[in-house]
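*Asks:* just to be clear, the model below is a prediction. Sequence and coordinates:
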Amino acid sequence: EDQVTQSPEALRLQEGESSSLNCSYTVSGLRGLFWYRQDPGKGPEFLFTLYSAGEEKEKERLKATLTKKESFLHITAPKPEDSATYLCAVPTSGGYQKVTFGIGTKLQVIP
Amino acid sequence: DAGVIQSPRHEVTEMGQEVTLRCKPISGHNSLFWYRQTMMRGLELLIYFNNNVPIDDSGMPEDRFSAKMPNASFSTLKIQPSEPRDSAVYFCASRGQSLSGNTIYFGEGSWLTVV
């Protein structure tokens, strides 16, 4: 069965303390992996799409990487405004139609 | 550009009442998704449409749930009768043609409380 697992469930960092969030997946024939950010009371906001192992994408203090089994979202020198829940998702049917989300990592960055 | 628009943003209703959630996808997008989010189960796909046609409704929890997409710019998710366990945030999302990318864009959600 296709699965997406994120860890840790929650992470508390001091401002400036770099860390990584993990997303592991078991799907047959990866067709991409998506990262989203969700602020409280809001809908998920798209961050990145990764398509193949070895691919990396960056946006400000965030960098997403992909291997054949997992993806990491690296956060460098985080700021309080990076506090949010980060979700990863993968298409789990034959195509991009059905996308399954992990339960997310709730990140809190303390000043 | 307007994003995905959902209404109502918040709804409190009594058990047994009918609830209708509405969604206007991004103009030009041909796929529409309804998700439900809870603390315990995260984001769950309920149903998705492609070119206004329901493709997969295997995530719809019970016959009390139904969804329609009468045209490319409007969709509804209906719960009848509603139960307290239906309390959750319901998100509508849309996506364009595959050549324009596979990104799914979400609305702000409809917060449903059934008492």
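*Replies:* Cool, the structure landed.

*Asks:* against residue B:29, how distant is the residue nearest to residue B:53 when sequence neighbours are not counted?
*Replies:* Nearest residue to residue B:53 in three dimensions, chain neighbours excluded: residue B:69, at 7.8 Å (Cβ to Cβ, 6 or more residues apart in numbering or on different chains). From N, CA and C alone the C-beta is placed, and that goes for glycine too. The gap separating residue B:69 from residue B:29 is 12 Å, by Cβ to Cβ, to the nearest Å.

*Asks:* repeat that for residue B:4.
*Replies:* Taken as Cβ to Cβ, the span from residue B:4 to residue B:29 is 8 Å.

*Asks:* the two: which is more packed in?
*Replies:* residue B:4 (22 against 18; other Cβ atoms under 10 Å in any protein chain shown).

*Asks:* need the contact list for the more buried one.
*Replies:* A:43, B:23, B:24, B:25, B:26, B:92, B:93, B:94, B:105, B:106, B:107 (Cβ atoms under 8 Å, 6 or more residues apart in numbering or on different chains).

*Asks:* tally of neighbours for the closest residue to it other than its chain neighbours?
*Replies:* Nearest non-adjacent residue to residue B:4, counting by Cβ to Cβ, 6+ apart: residue B:107, 3.7 Å away. Number of residues near residue B:107 (other Cβ under 10 Å) recorded here: 24.

*Asks:* ramachandran angles for residue B:107?
*Replies:* phi -80, psi -180 (degrees, to the nearest 10).
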